[in-house]
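Asker: Generate a structure from the sequence data that follows.
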Amino acid sequence: MSRADGRAREERFRSLHVETYADLLRFVERRVPAAEAEDIVSTVFLTAWRRFAELPDDARPWLFAVARKTMANQTRGWLRRQALDVRLGSLEARELSDDSVTAAARIDLERAWRALRPADREVLALVAFDGLTAEQAATVLGCRRSTFAMRLGRARQRLRAALEPAAIVPPSSFRPHDLKEQQSWSRA
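Answerer: Model (predicted):
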């Protein structure tokens, strides 16, 4: 590798880091405790540096996929960690505003979100929270775009159904997700 090639590689890597670091960190922070998120993101960029020749032109979905696989590897060592929760539980600790309609809608949305399967939350989060296109999200999940589109459509239907007033299930009927279900996002 010539010096010019080395500089070009380093410049592309620096540019990639600047462009994707914040989004990648948010992606990871929603799935693992914040104290562990930066370690995972640094592992992702280390992998990108080591496999620089394999980076596609649009490296963002590739980085998300590496982050996802890194989290899945760490999940094997964690027992019953809530890897995918979007941390809506933090809303409970905040004071509710005087706007009772908005507060009720937030509570309904949180209840509906928690009622979804982890795989449905993952599909919705990739599009709604991470801003990925269907093609990019399919790359992250390691599936075809058409498969992702089908999963997304079904997840949206389930969310709509969970938001229907008749679909509200009393909390006592919720069953705790076992480890296999909690880790299902890694096979989505």
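
Asker: residues of the helix or strand harbouring Ala155 that come out buried?
Answerer: Following DSSP states H and E, one finds Ala155 within helix 145-163. By 16 or more other C-beta atoms under 10 Å, the buried positions in helix 145-163 come out as Phe148, Ala149, Arg151, Leu152, Ala155, Arg158, Leu159, Ala162, Leu163. In this view, the C-beta of every residue, glycine as well, is placed from N, C-alpha and C.

Asker: Leaving aside the residues adjacent along the chain, what's closest to the first one?
Answerer: Translated: Phe148. Ala138 (3.8 Å; C-beta to C-beta, 6 or more residues apart in numbering).

Asker: a markdown table please, covering the buried residues of helix 145-163 and showing pLDDT.
Answerer: Formatted as a markdown table, these follow (pLDDT from 0 to 100):
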| residue | pLDDT |
| --- | --- |
| Phe148 | 93 |
| Ala149 | 93 |
| Arg151 | 94 |
| Leu152 | 94 |
| Ala155 | 93 |
| Arg158 | 92 |
| Leu159 | 90 |
| Ala162 | 87 |
| Leu163 | 84 |
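
Asker: Need the residues that contact the helix holding Ala155.
Answerer: 108-109, 111-113, 115-117, 119-121, 123-124, 127, 134-135, 137-138, 141, 143, 167, 188 (C-beta atoms under 8 Å, 6 or more residues apart in numbering).

Asker: how much space between the residue nearest to Phe148 and Ala34?
Answerer: 28 Å (C-beta to C-beta, to the nearest Å).

Asker: From the neighbour counts alone, determine which of those two ranks first.
Answerer: Using other C-beta atoms under 10 Å as the criterion, Ala138 and Ala34 rank with Ala138 on top: 22 against 11.

Asker: how far is the helix or strand harbouring the more buried one from where the chain is centred?
Answerer: Element membership for Ala138 (DSSP H and E) is helix 134-141. In terms of C-alpha atoms, centre = their mean, to the nearest Å, the centre of helix 134-141 is found 11 Å from the chain centre.

Asker: tell me which strands and helices it is in contact with?
Answerer: helix 59-75, helix 118-128, helix 145-163 (3 or more C-beta pairs under 8 Å, 6 or more residues apart in numbering; DSSP states H and E).

Asker: the domain parsing of the chain - what is it?
Answerer: As assigned by automatic domain parsing, the chain contains the domains 3-75, 100-187.

Asker: mean confidence score for the shortest one?
Answerer: Throughout domain 3-75, pLDDT has a mean value of 91.
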